[in-house]
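Engineer: Quick one, fold the following:
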Amino acid sequence: MSDSRPRISKAVIPAAGLGTRFLPATKATPKEMLPVVDKPAIQYVVEEAVTAGLSDVLMVTGRNKRPLEDHFDRNHELEEVLLRKGDGSRLARVQESSDLATIHYVRQGDPRGLGHAVLCAAPHVGDQSFAVLLGDDLIDPRDPLLERMIETRERYGGSVVALLEVDPAQVHLYGCAAVRPTAEDDVVEVSGLVEKPEPAEAPSNYAVIGRYVLDPAVFEVLRRTEPGRGGEIQLTDALQELARNPALGGPVHGVVFQGRRYDTGDRGDYLRAIVRLACEREDLGPDFRDWLRSYVTEEL
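Structural biologist: I've put the predicted structure just below:
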């Protein structure tokens, strides 16, 4: 069953984290601005939102995040230099980030968790459904996860989370979903959610990854959600209430993702993401793969 509300157009990107796992690189540079090959990680996330038809992007930021705003703004001095040099290729790449979408910013203030960051978006989002994209998960553009989630929300209403089957020993690193099957192979109904459970207590090995399509009813639930694990307001707890009480704002469904995902929140996975993406680039891949084969052969 689909509902009559218009297709969503707003994306929220929480970007207030301190990036402590990447210190000292993130002492003065936001973790979202760390390069993945030759673009900052945050640009991949905005490009994903735009590709899915979300032209209005709100970044929820904190202190020392000014470089994000600068990156998505015009740099007239640099553009003028490239124009005088006749370097049209680099000029186009510089202008690309400022032309991607209409981008807004709001400060989170106190770092009180993902649920609080989402709640900071309420005045901008209003009574519309919206998407939330976390910057630590980069989804390969060849695997349109967000588009599929939007389609699922249009079909069933309510909210939609992205799920990934993980090793049961790793469920304690994620929010975990209790699920029931639907008539669609890649869509499940979510009956409950637990934030970072111990493996023996996990309802499944379906882990929630960093993509959400949310009904605006989540804001009212978040306003009364008490701090949970880690003393933070957990989005998982609010979604748990919606899953248990669909009358509050529709059901919660999950799209089971089986595509390519690059985790940039961990140092090792961040390096692996760079290698994978570089290998697949037409302009870098052939030479880089040859070098990589030689290097690995020598090291082994």
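Engineer: What is the burial count for Asp136?
Structural biologist: Residues near Asp136, counting by other Cβ atoms under 10 Å, number 20. Heads up, the C-betas are built off the backbone N, CA and C, glycines and all.
Engineer: Likewise for Leu163?
Structural biologist: 27.
Engineer: and if you look at His71?
Structural biologist: His71: 19 neighbours (other Cβ under 10 Å).
Engineer: go on, Pro141?
Structural biologist: With other Cβ under 10 Å as criterion, Pro141 counts 12.
Engineer: now Glu232
Structural biologist: 17.
Engineer: Settle this for me: it is touching Ala117, isn't it.
Structural biologist: No. Taking contacts as Cβ atoms under 8 Å, Glu232 lies outside contact range of Ala117: 9.7 Å.
Engineer: Name the nearest residue to Thr20, sequence neighbours excluded.
Structural biologist: Of all residues beyond its chain neighbours, the one nearest Thr20 is Thr26 (7.3 Å), with distances taken as Cβ to Cβ, 6 or more residues apart in numbering.
Engineer: Is the one you found in a helix, a strand, or coil?
Structural biologist: Here Thr26 is coil, with the state taken from DSSP: H, G, I helix; E, B strand; the rest coil.
Engineer: do Met149 as well
Structural biologist: Going by three-state DSSP: Met149 is helix.
Engineer: Per-residue pLDDT of it, please?
Structural biologist: pLDDT for Met149: 96.
Engineer: And for Ser129?
Structural biologist: Note on Ser129: pLDDT of 95.
Engineer: Can you pull the phi/psi pair for it?
Structural biologist: Note on Ser129: backbone dihedrals following degrees, to the nearest 10 are phi -70, psi 150.
Engineer: Heading C-terminal from whichever strand or helix holds Val188, find the next helix or strand.
Structural biologist: For Val188, the host element (DSSP states H and E) is strand 187-195. For strand 187-195, the following helix or strand on the C-terminal side (DSSP H and E) is strand 206-214.
Engineer: In its sheet, which strands sit next to that next one, and in what direction?
Structural biologist: Paired strands of strand 206-214, with direction, are strand 130-133 (antiparallel), strand 159-165 (antiparallel), strand 175-181 (antiparallel) (DSSP bridges).
Engineer: and of those, who's closest to Glu189?
Structural biologist: strand 175-181 (4.5 Å; Cβ to Cβ).
Engineer: what residues does that closest one touch?
Structural biologist: Contact partners of strand 175-181, identified using Cβ atoms under 8 Å, 6 or more residues apart in numbering, comprise 161, 163, 188-197, 202-208, 234, 236, 254.
Engineer: hmm, which of these are the buried ones?
Structural biologist: Neighbour-count burial (16 or more other Cβ atoms under 10 Å) applied to the contacts of strand 175-181 gives 161, 163, 188-190, 193-197, 202-208, 234, 236, 254.
Engineer: mind listing what Ser132 touches?
Structural biologist: No Ser there; residue 132 is Val. By Cβ under 8 Å, 6+ apart, Val132 lies in contact with 11-14, 118, 210-214, 235.
Engineer: thinking again about what came up before, check which helices and strands the strand holding Val188 is in contact with.
Structural biologist: strand 159-165, strand 175-181, helix 235-244, strand 252-256 (3 or more Cβ pairs under 8 Å, 6 or more residues apart in numbering; DSSP states H and E).
Engineer: could you redo the last one with a cut-off of 7 Å?
Structural biologist: Packing contacts for strand 187-195, counted by 3 or more Cβ pairs under 7 Å, 6 or more residues apart in numbering; DSSP states H and E, involve strand 175-181, helix 235-244, strand 252-256.
Engineer: Please tell me how far that strand is from the chain's geometric centre.
Structural biologist: When distances are taken as Cα atoms, centre = their mean, to the nearest Å, strand 187-195 is centred 19 Å away from the chain's centroid.
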